[in-house]
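**Student:** Predicted model and sequence follow; I will ask about them next.
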Amino acid sequence: MLLAFDIGNSNMVIGVYKDKELITYWRIATDKQKTADEYAMLVQNLFFYHKVNPQDVTDIIFSSVVPPIIGALEEMARKYFNIKPLIVGPGIKTGVAILYENPREVGADRIVNAVAGFEKYGGPLIIVDFGTATTFCCISAKGEYLGGSITPGINIATEALFQKTAKLPKVELITPKKVIAKNTVNAIQSGIIYGYCGLVDGIVKRMKRELGFGDIKVIATGGIAELIAKDTETIDKVDKLLTLEGLRIIYERNR
């Protein structure tokens, strides 16, 4: 079995694959302070709860945008699974040509998404990943990574509004029934949710004009993708586990 870690700034998604089948997955908070032993105990407990045998794990792959955490997870893999993990980065075969001024600047998660997106949906393609940052990535008809945009994520915006104002409360991220709100909580929800829908549609439409291709699919992924996608005009499909699937594909290309 393959154990795959998609490590983001706020959360990490851990998936267990048997061949090409995703058996189970978990979303946990990313904690740079945890040691290898602590992560091992957490993973072992998740395995136990879902009746997965740790001894069946034969390979491990990591994709991380949080460099300080890699050391602890790599130690965990070696110490508790006796496995040298595959880490997505320079020297790894992805099958994606990166047409960026400095390819090393492109986050591992964006490359992994590009691999999975092109494999599953073909190109040209725009991938919108709703994480701590919201990223927009353009993939050509040939599967080349062309570039993209990065904006602050919706949770960052919500937290900043709460911290930088004297009277505005922290609110639950749910879609209000109307844009024109009648109370402060709904007004904040309206501004955040519909504001991000407009942001997504605006950037995607500009990208489509710049790309100049015909039919361009738009795929959304990430923890809150479904919340935003349902009220946008441009997102065609939500694939919440796109990054995990990309890790599986990259693992197979490097075996």
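**Tutor:** The structure has been received and is ready for your questions.
**Student:** which residues touch the lowest-mean-pLDDT helix or strand in the chain?
**Tutor:** Lowest by mean pLDDT, DSSP states H and E among the helices and strands of the chain is helix 154-164, with a mean of 86. Applying CB atoms under 8 Å, 6 or more residues apart in numbering, the external contacts of helix 154-164 come out as 10, 130, 132-134, 152, 168-171, 173, 188, 192, 196, 224, 228. In short, each C-beta sits where N, CA and C put it, glycine included.
**Student:** Quick check: next helix or strand after it?
**Tutor:** Tracing the chain C-terminally past helix 154-164 and defining elements by DSSP states H and E, one meets helix 184-211 next.
**Student:** Can you give the contact residues for the helix or strand that that next one is followed by?
**Tutor:** On the C-terminal side of helix 184-211, the closest following helix or strand by DSSP H and E is strand 217-222. Contact with strand 217-222 is made by 113, 117, 121-122, 124-131, 134, 204, 228-229, 234-243, as judged by CB under 8 Å, 6+ apart.
**Student:** Go again with 6 Å.
**Tutor:** 117, 121, 125-131, 204, 229, 234-240, 242 (CB atoms under 6 Å, 6 or more residues apart in numbering).
**Student:** ditto for stretch 182-197
**Tutor:** Residues outside stretch 182-197 that contact it (CB under 6 Å, 6+ apart): Ile154, Thr158, Val171, Thr175, Pro176, Val179, Ala181, Ile228, Asp231, Thr232.
**Student:** Who wins on neighbours among those?
**Tutor:** Ile228 (25 neighbours; other CB atoms under 10 Å).
**Student:** which of the residues in the helix or strand that contains that residue are buried?
**Tutor:** If you go by DSSP H and E, Ile228 is part of helix 225-229. The neighbour-count check on helix 225-229 (16 or more other CB atoms under 10 Å) flags Ala225, Leu227, Ile228, Ala229 as buried.
**Student:** coming back round to it: nearest to Phe48, out of the contacts of stretch 182-197: which one, please.
**Tutor:** In terms of CB to CB, no member of the contacts of stretch 182-197 lies closer to Phe48 than Ile154, at 33.9 Å.
**Student:** Asn9 versus the closest one, what's the distance?
**Tutor:** Distance of Ile154 to Asn9, given as CB to CB, to the nearest Å: 13 Å.
**Student:** do Ser140 as well
**Tutor:** 28 Å.
**Student:** swap in Val65?
**Tutor:** 6 Å.
**Student:** same question, Lys32
**Tutor:** 10 Å.
**Student:** out of the two, which sits in the more crowded spot?
**Tutor:** Asn9 (17 against 10).
**Student:** secondary structure element for the more buried one?
**Tutor:** Counting by DSSP H and E, Asn9 is found in no helix or strand.
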